[in-house]
Each structure stands twice: as structure tokens, then as C-alpha cells.
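[1] Okay, predicted coordinates and the sequence, questions at the end:
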Amino acid sequence: MLFSASPSPSLARIASQSEDFCVRRSSRLVHGSSRRISSRRRSITVASVNISVDDVAQVFENKVLISAALACSIGQLSKPFTSALSGNGLDLGAVIRSGGMPSTHSAGVMAATTCLGLERGFSDPIFGVSAIFALFVMYDAQGVRREVGRHAKNLNKMAMLKRERSRVFQEKTNLVGNYARSASPSLESVDGADQEQLTIDEIGFNRLEESVGHTEVQVIAGAILGFLVSFGVELLLS
């Protein structure tokens, strides 16, 4: 009697599963080695990057940087003239100071934001991030920084009054001392408890900068300046 030599279904299933496992194992090893080789190639490529003059020159083709820098430059250079128009005289030092008309911070961020919108589209997420950043900067310019300028102005007034009172008190003390010495030559000096107090000059108080923030009009003027500059740069470089 002859028996069939064909394998059972369970043995065939086990053999098939082991074969699939070996294939998957070998494919994983191949993919892992290829990823390691590609990562090594990327690291070698990054380590051997050479920055040429042409790469640096491309910075000057960036419309966002050009618009922001040009808007800030125009804003700062126009401050002495706007100071003269407001009746404060031609203040050349305003070129290197913050505050004044127009707001350079507002001009720079608005120019960058507008240029990003024109370049990438107003639905681009990067434009949205830049617009939020611009709103924060402009709000801070007429909010927190403006209050800092007000505090500095009040502190300067208090220091000036304190200095004037110290000078008057010193003159009165010297006058009383001279009169006492002339009336009684044996009296050497007149020392008061207030003479031992430190004056403003002895403390080393320096006048604080009052022109730090901006008014709402200055912020709006800076934003309009940045908007117009970005449009001009876009038209010239497009």
C-alpha cells in the first residue's frame, strides 16, 4: 500500500511564514544600511559646504530685507526734519535715537510683512506670522515703550527739582555758617544732619532718555511708510 508524500497544510503554512519573515528581515537590513549611508553622505556634504561670493550677493536680492532696511533708513533720516516741522528745531541727533516721527519699528515690520504678502501670497502662513509680529511691535511701540518715556520724563523732573533744592539748601547752610563764624570766631563750623545726605550729583544720576515710544499718529505714519516702500521695492525689483 502506497502513502502520499505531499506535505501537510500546517507544515506548508509554517514554511511560507518563515520565508516571508526572512524576506522582510533582509529588506529591513538593506533599507537601514541605505539610510545610514545616505545620512553619512548628507553629513559629509554639509561639512564640506563652501559659501561663495555669489551666495553672499544673493542676500542683496532679498526683497524682504531690502524693503525693511530701506524703510528704517528713510524713517530715521527723516526724523530731524519732522522734528523741525513740529517746532522743536532741526535735531540731527534724532537720526540715531528711538522715538519721534515716524516710527521706524513700525516702518520696518510693515515693509517686511507687506513684501512677504506680495512675494508668497496673503494666504501663506509665513505672512500670517509676520503680520502678527508686526501688530505686536506696533502695539508695543505706542504702549509699553511710550509709558517708559513718560516715566523717564517724570524721573528727570524729580531729579532736577532735587538738584535745585540741594543747591538752595547748600547756599543757605553756607550763609548760616559764615554768619555764625563771624558772630563767634571760636565756633569752627556748623554741621547739620542734612549736610550728610547724598545729593543727586553725588549719586551719579544721569538724565534718562525720554523719547523712547511713539504716539498713535507716529506709529500709523511709520506703517504707511513701510507699506509704500515695500510696494516701490516690489515694482523696481520685479
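    Yep, it's here.
[2] quick one: pLDDT of residue 42?
    If you check residue 42, the pLDDT there is 48.
[3] ignore the last one, residue 178
    So residue 178 comes in at 65 (pLDDT).
[4] Over to residue 161?
    Value for residue 161, per-residue pLDDT: 78.
[5] Please apply the same query to the one 4 residues further on.
    Among the per-residue scores, residue 165 holds a pLDDT of 75.
[6] Pull the number of nearby residues for it.
    12 (other Cβ atoms under 10 Å). Quick note: C-beta positions are derived from backbone N, CA and C, even for glycine.
[7] Also residue 145?
    17.
[8] Quick check: nearest residue in space to it, chain neighbours excluded?
    Computed as Cβ to Cβ, 6 or more residues apart in numbering, the closest residue to residue 145 that is not its neighbour in sequence is residue 213, at 3.5 Å.
[9] mind listing what that neighbour touches?
    99, 141, 142, 143, 144, 145, 146, 147, 148, 149 (Cβ atoms under 8 Å, 6 or more residues apart in numbering).
[10] out of those, who's nearest residue 89?
    residue 99 (15.7 Å; Cβ to Cβ).
[11] Assign a three-state SS to the closest one, would you?
    Classification of residue 99 by DSSP: H, G, I helix; E, B strand; the rest coil places it in coil.
[12] helix or strand right after the lowest-mean-pLDDT helix or strand in the chain?
    Taking mean pLDDT, DSSP states H and E as the measure, the chain has helix 200-203 as its least confident helix or strand, at a mean of 54. The helix or strand immediately downstream of helix 200-203 is helix 216-237, counting by DSSP states H and E.
[13] Report the buried residues of that next one.
    Residues 218-223, 225-230, 233-234 are the ones in helix 216-237 that count as buried (16 or more other Cβ atoms under 10 Å).
[14] Generate TSV for these, with distance to residue 67 and pLDDT as supplementary columns.
    Output for the buried residues of helix 216-237, formatted as TSV (distance: Cβ to Cβ, whole Å; pLDDT from 0 to 100):
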residue	distance to residue 67	pLDDT
218	20	88
219	18	91
220	18	93
221	17	93
222	13	94
223	13	94
225	11	95
226	7	95
227	10	95
228	10	96
229	6	95
230	4	94
233	5	92
234	8	90
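[15] which one of those residues sits closest to residue 89?
    residue 218 (18.0 Å).
[16] top of the contacts of residue 213 by neighbour count?
    Going by other Cβ under 10 Å, residue 141 tops the contacts of residue 213 with 25 neighbours.
[17] which one is residue 101 nearest to, not counting chain neighbours?
    Residue 101's closest residue in space is residue 82 (Cβ to Cβ, 6+ apart), at 4.1 Å.
[18] how big is the angle separating the helix or strand harbouring that neighbour from helix 216-237?
    Residue 82 belongs to helix 63-85 when assigned by DSSP H and E. Following axes from the mean of the first three to the mean of the last three Cα atoms, to 10 degrees, one obtains 140 degrees for the angle between helix 63-85 and helix 216-237.
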